[in-house]
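K.L.:
Following is a predicted model, sequence given first.
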Amino acid sequence: MKHLLRHTLMFASAGLLFAEAAHAVTSGPGEATLSVTNNWGSGYCANATIANNGDANITGWTVGLDLDGTSINNLWNGNLSGTTVTPAAHNANVSPGNSASFGFCASGNGTPSITEFSVDGGGNGGTSSSASSVASSSASSISSSQGTGGSNSITVQMSGVVGDESVSLEIGGQTIETWTLSSGMMNYSVETDATGELRVAFTNDSGDRDVQVDYVIVNGVTYQAEDQQDNTGAWDEECGAGSYSEMLHCDGSIGFGNPFDGSTSSSSAPSSSSSSSASSTPPTNPGNPDFPPFHVGNITTSGQVRSDFTQYWDQITPENEGKWGSVEGTRDQYNWGPLDAIYDYARANDIPVKAHVLVWGSQRPNWIDGLSASEQRAEIEEWISDYCDRYPDTEIIDVVNEALPSHAPANYAENAFGSDWITESFRLAREHCPNAVLVYNDYNFMTWDTDAIIDMIRPAVNSGYVDALGLQAHGLYNPQVWTAQQIEDKLDQIAALGLPLYISEYDIQESNDQLQLEYMQTHFPIFYNHPDVVGITLWGYIVGATWREGTGLMTSNGQQRPAMQWLMEYLNR
């Protein structure tokens, strides 16, 4: 459901109206401040800061919001459940004198405020106390347990077309509430004493619904529709399906059984860190890793990590430092220094590392080609094992890169393992890095070679060892060739394999500032809002220090090109 929680409204700076005064509440040593940073009349973006004024670490925090009739359609650096925000993995802990933050954009004309605030830890008596200035929870908010008087707190998350359509929530045959669809993305909540079978019914003149019910939450537990028959996020054929929109075209209603007596299967509430499907990985995946939070990251700059990196990016990929030929240019002599520096930085700043790359035909150690097949097998496994032993906390790994015969396949691996060398490479990576998200990465995945790559990678995907697909995005900057709709269609097609997607290497080779801005504004929202995309990595950001001339977004002294300015506004960074 990431696209629903992280969907961002696009706006131009000329449309911004004003920033509103900050609203602050306290909880023990914690202070939460909420301010509207941008307001354009029909929507706004806001930022919340959680400061630790105590003498010990805050180990967790919760912020409840009154949205004043508006609706959040994008939230970052936190997990959203109804109108309650809890930390992302990287910002739950706040040391004394420091702060954490999250932000969101919402549609509608209103002024948000904090209604609930509590912290864990912090010293000075700040153990999970509630804010003294907290207002009472509104009826539209959702709690993680039953409400007062035994009422059920229910949230229905929907997306779909706009129009004269209505959606009603029925429990036990009784209509509890009816909503008229007035926006493309909705998160409706209601509290009721009713119990019984839960259904979401669609009504209009045509009887053909084009609305997606993504999930319902009852008393903090997430339930899936009864006719969702697999783990890919697609609905059964009776209602029609599409790998991107997953729209329901259904007459009648969608049943969720009886969630009030525990008889219906459930899952934990979706968050921005999960993919759009109920299970982020194939059901046969022996590793079953937890996907890191959605990120917009970047690579190292000329082999170094700039001091301003985390000002703009929340994930890091070594550009060349992690490639086998860079680490073990001489057999059994490792140069771990550059990678050690990257991992030390990532750990200190609590951001994930995406390793790049374990098995690839380019930038491999030359000595591997002259070995026998048995020696090659041993060396490949030793390389993977040594990497995983040294960096066991690697969260994401490009295991195999560019394996299409016309690209840069690892012929030494094929010689070592035979025709199933891709699957075997992933099996070894799973064995030695059991907690990492394992990615197949390739270029032209979204353009000319989509079908060929899908056909090639399908056996490895079916093996269950591949967790996600990495889509390089270096050549999308000609809109006359690759339109927004074509790119979206390609994402849909690839997502039909049932795996989450990473936009793994995105850049725009354009020296004209305005054109680069226009391409960024076209491409990035498609990636960011697609339900199956779980992370985006840009391939460099400093002018003159990127792989290809013209792709830089900012000069070394901090002057941002318009595309970078727009992107930072879009991400509220």
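P.N.:
Yep, that arrived. Numbering: from 1, shown residues only.

K.L.:
ok, and for the host helix or strand of residue 348, which residues are buried?
P.N.:
Under the criterion of DSSP states H and E, residue 348 resides in helix 337-349. Residues of helix 337-349 classed as buried by neighbour count (16 or more other C-beta atoms under 10 Å): 338-339, 341-343, 345-346. C-beta here means a position set from N, CA and C on the backbone, and glycine is covered the same way.

K.L.:
Then stretch 66-81?
P.N.:
66-67, 70-81.

K.L.:
who's in contact with stretch 47-59?
P.N.:
28-35, 37, 61, 63, 85, 92-103, 114, 119-124, 126, 572 (C-beta atoms under 8 Å, 6 or more residues apart in numbering).

K.L.:
For that stretch, give the mean pLDDT please.
P.N.:
Across stretch 47-59, pLDDT averages out at 87.

K.L.:
so how far is the first residue of that stretch from its last?
P.N.:
Terminal residues of stretch 47-59 are spaced 20 Å apart (C-alpha to C-alpha, to the nearest Å).

K.L.:
Please parse the chain into its domains.
P.N.:
The record's domain parsing of the chain by automatic domain parsing lists 2-121, 148-267, 296-315+367-571.

K.L.:
rank those domains by pLDDT, which is bottom?
P.N.:
Among the domains of the chain, domain 148-267 scores lowest, with a mean of 58.

K.L.:
The residue nearest the centre of the chain and residue 468, how far apart?
P.N.:
In the chain, the C-alpha nearest the mean C-alpha coordinate belongs to residue 294, at 2.7 Å (C-alpha atoms, centre = their mean). Taking C-beta to C-beta, to the nearest Å as the measure, residue 294 falls 12 Å from residue 468.

K.L.:
before we move on, back to that, from memory the residue nearest to the centre of the chain sits against residue 531, does it?
P.N.:
No - between residue 294 and residue 531 no contact is recorded; they are 11.4 Å apart, counting by C-beta atoms under 8 Å.

K.L.:
Surely residue 562 and residue 513 touch.
P.N.:
Yes - using C-beta under 8 Å, residue 562 is in contact with residue 513, at 5.0 Å.

K.L.:
quick one, which of those two is more surrounded?
P.N.:
residue 562 (16 against 13; other C-beta atoms under 10 Å).

K.L.:
ranges for the strands of the stretch 351-500 of the chain?
P.N.:
Along the stretch 351-500 of the chain, the segments classed as strands by DSSP state E, counting those that start in this stretch run 354-360, 396-401, 437-442, 468-473.

K.L.:
and residue 366, which of those is closest to it?
P.N.:
Nearest to residue 366 among the strands of the stretch 351-500 of the chain is strand 354-360 (13.5 Å), distances taken as C-beta to C-beta.

K.L.:
buried ones in the closest one?
P.N.:
Neighbour count says strand 354-360 has 354-360 buried, by 16+ other C-beta under 10 Å.

K.L.:
how about those, which pair is most distant?
P.N.:
Within those, two members stand farthest from each other by C-beta to C-beta: 354 and 359, at 15.4 Å.

K.L.:
Looking at the buried residues of helix 337-349, which is nearest residue 193?
P.N.:
residue 346 (49.1 Å).

K.L.:
How much space separates the closest residue to that closest one other than its chain neighbours from residue 437?
P.N.:
Distance criterion C-beta to C-beta, 6 or more residues apart in numbering; nearest residue to residue 346, sequence neighbours excluded, is residue 353 at 4.8 Å. For residue 353, the distance to residue 437 equals 11 Å [C-beta to C-beta].

K.L.:
In a strand, residue 101, correct?
P.N.:
Yes - per DSSP: H, G, I helix; E, B strand; the rest coil, residue 101 lies within a strand segment.

K.L.:
Looks like it contacts residue 77 (just checking).
P.N.:
Yes - the criterion here is C-beta under 8 Å, and residue 101 meets it with residue 77 at 6.3 Å.

K.L.:
so what sits against both of these two?
P.N.:
With C-beta under 8 Å, 6+ apart as the test, residue 101 and residue 77 both reach residue 91.

K.L.:
Phi first, then psi, for the nearest residue to residue 349 once chain neighbours are set aside.
P.N.:
What sits nearest to residue 349 in space, not counting adjacent residues and going by C-beta to C-beta, 6+ apart, is residue 310, at 4.9 Å. Main-chain dihedrals, residue 310, degrees, to the nearest 10: phi -80, psi 0.

K.L.:
Give me the common contacts of residue 294 and residue 468.
P.N.:
The contact sets of residue 294 and residue 468 overlap at residue 534 (C-beta under 8 Å, 6+ apart).
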